[in-house]
Structure formats: C-alpha cells, structure tokens
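# Pasting a predicted model and its sequence here:
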Amino acid sequence: MSGLSVIVIVKDAAKNIQRCLESVKWADEIIILDSGSQDNTMEICQQYTQNIFSTDWPGFGIQKNRALDKAQCKWVLSIDADETLSTDLIEEIKQIICKAEDQHDAYAIKRVSFFCGRKIRYGDWSRDKVVRLFCRLPSIQFTPVIIHEKLKGYLNPGHLKGVIFHDTMQTISQVLVKIEHYSSFTAEKSYQQHKKSSILKAILHAKWCFIRGYLLRLGFLDGREGFILAVSNALGVFYRYVKLIYLYELG
C-alpha cells in the first residue's frame with residue numbers, strides 16, 4: 001500500500017499527544033501503541049485514529065518494532081508524543097511519498113528541542129539529527145534495546161531540510177522525573193551489555209558530560225536553561241553509573 005504510516009508509542013502522554021497528532025493527521029494511517037496510560041491519552045488518540053493497541057513495556061526498540069509491524073504503507077514515519085513536524089517538513093514528506101520511485105530508502109531529519117520553554121541552540125542537543133522517515137522493508141528495523149534505539153538496515157539515507165520540534169521537559173519536575181527514568185533505563189542497558197562501573201567512573205563521566213555540553217559545545221550561550229540542561233544531563237550520567245553499581249551488587 002502506497003502512502004505514509006505514522007507510528008507513535010505512548011504512555012501518559014496527554015499533555016503532548018494532541019499537538020503531535022495534529023501535525024500528522026494528514027497521513028494515510030496513524031498507529032498508536034500504548035503501554036498502560038493512566039491519563040486520557042487514549043481518549044485523545046481516538047479523535048485521530050482507530051488503530052490503537054495496548055501492550056506491555058519491553059523497552060523503546062522492541063516497542064517501536066511492534067508498532068512498525070502493524071504499519072501497512074510504503075513509507076513509515078516514527079514520531080514521539082512530544083514531537084511535532086514543521087510545515088516545511090510536512091511538505092517535503094508529502095513530495096517524497098508521492099514519488100513512484102525514490103533513490104533513498106530513509107531520511108535523516110534535524111530535531112530542534114525546547115527545554116523548560118526555551119529553544120536550545122547550543123550544547124549537546126544542537127547536533128541532534130534522527131532517521132525517522134523510511135521505507136517499510138523487512139531489513140529496516142529498530143535496534144531491540146531498552147533505550148537509545150536506532151534505526152538500522154537502510155542503505156542510502158537522504159537528508160531533509162524541515163525539522164522536528166521536540167518540546168521535552170517543560171518543567172523542572174519533569175526534568176527530575178526524566179533523569180530518574182532514563183538513568184534507570186540506561187543503567188539496565190549497560191548491565192545487559194556487561195559494562196562495569198565505579199564511583200570514580202560516575203564522577204568522571206558526569207564531569208566530562210557537563211564540560212562537553214556546557215563549555216565545548218557552547219551550552220552557556222543558551223543562558224539559564226543551557227546551564228540547567230548541562231547539569232541535568234550530567235546528573236543523568238552520574239546516576240546511570242551509580243545505578244549500574246547496584247545492579248551488579250543485586251545480581
């Protein structure tokens with residue numbers, strides 16, 4: 001089937017999902033895979049699609065592959081609940097999916113992130129580019145990891161000029177929650193990969209994360225939010241290594 005399938009994995013995404021789905025409502029099909037939302041995420045999603053499924057939570061990579069397995073169209077766009085498409089990107093995607101043939105089997109898209117209400121122009125997030133639009137082929141899948149999944153199997157990626165807007169962590173409370181969740185996910189991933197940790201590693205890696213993001217990549221030019229983001233990223237790294245220590249102790 002020609003056209004575009006949009007896949008979205010969600011859980012308790014009521015604050016963001018409507019803006020996300022508004023930006024992709026023109027797609028030929030939208031597939032929602034939920035992992036136990038307790039808010040009104042599902043009610044909002046039902047306004048845009050009937051392709052809504054519920055399942056357990058095995059990690060980001062496997063969950064996205066589950067959603068991908070349900071897609072029917074030639075092209076697939078993977079988007080997160082806290083993301084929206086720019087107008088330019090929408091037009092580019094429409095042109096691509098209308099082509100009879102395309103020299104590329106996937107496309108990388110620049111992601112512009114907002115942190116606590118401020119557009120982030122520098123730091124670790126300034127170089128964010130993600131492959132999200134791709135042909136539905138058996139060879140193209142997400143890496144089956146708990147976090148930081150990547151698309152693999154494409155052969156000739158192109159690049160689009162439009163952007164994905166990523167409005168993440170709008171409040172400090174959300175920042176703290178995400179540090180807790182993501183440090184747990186990344187620690188579990190490192191444990192599965194048999195990586196080792198120590199308090200010294202935790203301190204050194206966190207220190208380097210802050211120096212790289214805030215100084216070397218000019219995060220200080222993003223003002224107060226640039227500093228908070230650099231500290232938050234460093235804390236996430238620190239707690240990842242600390243949690244990894246305890247995972248080994250617990251066996």
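Received the coordinates, thanks.

# ok now do the residue nearest the centre of the chain, which residues does it touch?
By C-alpha atoms, centre = their mean, the chain has its centre lying nearest to Asp80, at 5.7 Å. By C-beta atoms under 8 Å, 6 or more residues apart in numbering, the contact set of Asp80 is 8-9, 20, 166. From N, CA and C alone the C-beta is placed, and that goes for glycine too.

# at 10 Å what do you get?
By C-beta atoms under 10 Å, 6 or more residues apart in numbering, the contact list for Asp80 reads 8-10, 13, 16-17, 20, 60, 64, 111, 130, 132, 164, 166, 168.

# ok, so of those, who is nearest Lys189?
Relative to Lys189, the closest of the contacts of Asp80 is Phe60; by C-beta to C-beta it sits at 9.9 Å.

# Give the closest residue to the closest one in space, chain neighbours not counted.
Glu149 (4.7 Å; C-beta to C-beta, 6 or more residues apart in numbering).

# tell me the SS of the one you found?
coil (DSSP: H, G, I helix; E, B strand; the rest coil).

# What are the phi and psi values at Tyr248?
Dihedral pair for Tyr248: phi -70, psi -40, per degrees, to the nearest 10.

# could you check the distance from it over to Leu235?
Per C-beta to C-beta, to the nearest Å, Tyr248 is found 21 Å from Leu235.

# Give me the more crowded residue out of those two.
Leu235 (18 against 12; other C-beta atoms under 10 Å).

# ok, the more buried one touching His205?
No: applying C-beta atoms under 10 Å as the test, Leu235 and His205 come out as separate, 11.5 Å apart.

# ok so, going back, confirm that the residue nearest to the centre of the chain sits in a helix.
No: under three-state DSSP, Asp80 sits outside any helix and is assigned coil.

# From Ile211, how far out is it?
28 Å.

# Phe227: which element?
helix 223-250 (DSSP states H and E).

# Can you mark which positions in that helix are buried?
Using 16 or more other C-beta atoms under 10 Å as the test for burial, helix 223-250 gives 225-245, 247.

# try stretch 54-64
Neighbour-count burial for stretch 54-64 [16+ other C-beta under 10 Å]: 59-64.

# Keep only those of those residues that are in helices.
60-64 (DSSP state H).

# Throw the residues you listed into a markdown table and include pLDDT, thanks.
Formatted as a markdown table, those follow (pLDDT from 0 to 100):
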| residue | pLDDT |
| --- | --- |
| Phe60 | 96 |
| Gly61 | 97 |
| Ile62 | 98 |
| Gln63 | 98 |
| Lys64 | 98 |
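
# and which of the residues you listed is nearest Ile96?
Nearest member of those to Ile96, counting by C-beta to C-beta, is Lys64, at 20.5 Å.

# For Leu133, see how far away that closest one is.
Taken as C-beta to C-beta, the span from Lys64 to Leu133 is 14 Å.

# Surely Phe53 is within a strand?
Yes: residue state for Phe53 (three-state DSSP) corresponds to a strand.

# quick one, what contacts the closest residue in space to it that isn't next to it in sequence?
With sequence-adjacent residues excluded and distances taken as C-beta to C-beta, 6+ apart, Phe53 is closest to Leu33, at 5.3 Å. Listed by C-beta under 10 Å, 6+ apart, the contact set of Leu33 reads 7-11, 51-55, 63-64, 66-70.
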